[in-house]
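S.K.: I would like to see how this sequence folds:
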Amino acid sequence: MFLNFIIILAVLVTALFLWTPRLHRSLTWQAMTTPLASIIGSGFLVLGPILDVAYGKYAPLIMGALCLGAYLYGAAIRYNMRAIEKVGGSTGATNGRARGKLVHQFEVASSWALGFAYVISVAYYLNLFGVFAVSLTDVNDPFNAKLLTTAVFVIIVFVGWTRGFKSLEALEYVSVSAKLAIIAGLLVGLAIYVSGKAVDGQLIFNVPELTGWPAVTLAFGLIVTVQGFETSRYLADGYDIKTRIRSMQWAQWLSTAIYMIYIFLLTYIFSRGELEFSETAIVDMMVVVAPILPVLLVAAALAAQFSAAVADTSGSGGLIAELTNNRMPPKFGYALLAAIGIALTWMSGVFEIISYASRAFAVYYSLQAGIAAVTAWRNNHFWRCAGFVLLTFIGVMIVIFGQAVEV
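M.R.: The predicted model follows:
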């Protein structure tokens, strides 16, 4: 009971802090909420159990590598943002013409890749929504989870067709604040639990189940769990270039700190085979820490997944409309997204969809790194060019070799 009280207190204190007028009115913090909504979303729910099972005591190292890789791809996108600012114009494919034919072609391709990645990511978000929504009920099975996911797809498309997403998008700040407050409570609860285990000499150092190339390819398939920072690039309507770049960097720093603390605390308290591994394994793991945590995590999951799905559905529809010169209006983009998402829901498991989404975003990141490499070469930034070429190569490797988690 005492630990439950401390966790709830941490949630409330964090929520009050996030709603202080000074922070709430901060332009940078407002811009940060968009990338944070994606970075610390679905990945936070599934990544801990995956890394713990697959990599054992080395899980924090893999988490660090994922965060570093994401930050470096963010650096490539930020480099492109500065290049766009120098020539003026939009952030999308049309701006590529001002920077040369090759860059224009890369920009068009990357825009299409991002639109497709959004389609897969919405399936990823809503499938996690489904499994978490039924996880604490009497109908906790894959069929009912997929049925609920399908229903939510239909609801989102209906709202998009009839009313648009503006009213739902206003919930983003509330969703992000609630999620961060619950994560604060989770980390406090974990820290107290782990410190007790450490004092009693009961920390557990599991050997990894995967090593060598299979361990690398699984990490490739998890890049989507730290995805979302790129959304700062597309906030030009509301924020200047300095604010958008700062929002991306700060969002990545904050999410990295949260992920590293979370994985470090989670890795050394469960023995191999102690709990059944599944999409919602984090819920079962947190029951051991404190009874209040599963309820809080499911609440955070539902809010986070729904808001992220709405944001990516809206973004995908708008992007498809822009790329087709409105020959396919956003409404039809929403319908296409839902059709593909529902097909993925019934044909694939959650972990397979995570792998597909990772590959889709890796295509986008590879193209952005390629654009940065071309731009750096033209600006005589040869060392940066070499780094961006390496990132392009790694992105291609992720697309080809990224693997799904095996249950």
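
S.K.: When you work out contacts or count neighbours from here on, use the C-alpha atoms and nothing else.
M.R.: Noted.

S.K.: Just to check, residue 106 is in contact with residue 367?
M.R.: Yes: counting by C-alpha atoms under 8 Å, residue 367 is a contact partner of residue 106 at 6.2 Å.

S.K.: who has more neighbours, those two?
M.R.: residue 367 (27 against 20; other C-alpha atoms under 10 Å).

S.K.: what's near enough to touch the more buried one?
M.R.: Contact analysis of residue 367 by C-alpha atoms under 8 Å, 6 or more residues apart in numbering lists 106-107, 109-110, 392.

S.K.: isn't residue 115 right up against residue 321?
M.R.: No: under the criterion of C-alpha under 8 Å, residue 115 is not in contact with residue 321, lying 10.1 Å apart.

S.K.: which of the two has more neighbours?
M.R.: residue 115 (26 against 18).

S.K.: Identify the residues contacting the more buried one.
M.R.: So residue 115 contacts 315-317, 319-320 (C-alpha under 8 Å, 6+ apart).

S.K.: Which one (most neighbours) among those?
M.R.: residue 316 (26 neighbours).

S.K.: which element is the residue nearest to that residue when sequence neighbours are not counted on?
M.R.: Of all residues not flanking residue 316 in the chain, residue 115 sits nearest, at 5.0 Å (C-alpha to C-alpha, 6 or more residues apart in numbering). Assigned by DSSP states H and E, residue 115 belongs to helix 101-134.

S.K.: Could you give me the buried positions within that helix?
M.R.: 103-134 (16 or more other C-alpha atoms under 10 Å).

S.K.: My read is that residue 144 contacts residue 133, right?
M.R.: No: counting by C-alpha under 8 Å, residue 144 stays clear of residue 133, with 9.7 Å between them.

S.K.: need the contact list for residue 358.
M.R.: 220-225, 398-399, 402.

S.K.: coming back round to it: what separates the helix holding residue 115 from the chain centre, distance-wise?
M.R.: 11 Å (C-alpha atoms, centre = their mean, to the nearest Å).

S.K.: what helices or strands is the helix or strand following that helix leaning on?
M.R.: Next in sequence after helix 101-134, counting helices and strands by DSSP H and E, comes helix 142-162. In this structure, helix 142-162 makes packing contacts with helix 101-134, helix 330-347, judged by 3 or more C-alpha pairs under 8 Å, 6 or more residues apart in numbering; DSSP states H and E.

S.K.: The residue lying closest to residue 283 once chain neighbours are set aside: helix or strand, and which one exactly?
M.R.: Nearest non-adjacent residue to residue 283, counting by C-alpha to C-alpha, 6+ apart: residue 294, 5.0 Å away. Here residue 294 sits within helix 292-323, counting by DSSP H and E.

S.K.: Tell me which residues of that helix come out buried.
M.R.: Quick answer for helix 292-323 (16+ other C-alpha under 10 Å): 292-294, 296-323.

S.K.: now that helix: how far from the chain's centre is it?
M.R.: The mean C-alpha position of helix 292-323 is separated from the chain mean by 10 Å, C-alpha atoms, centre = their mean.
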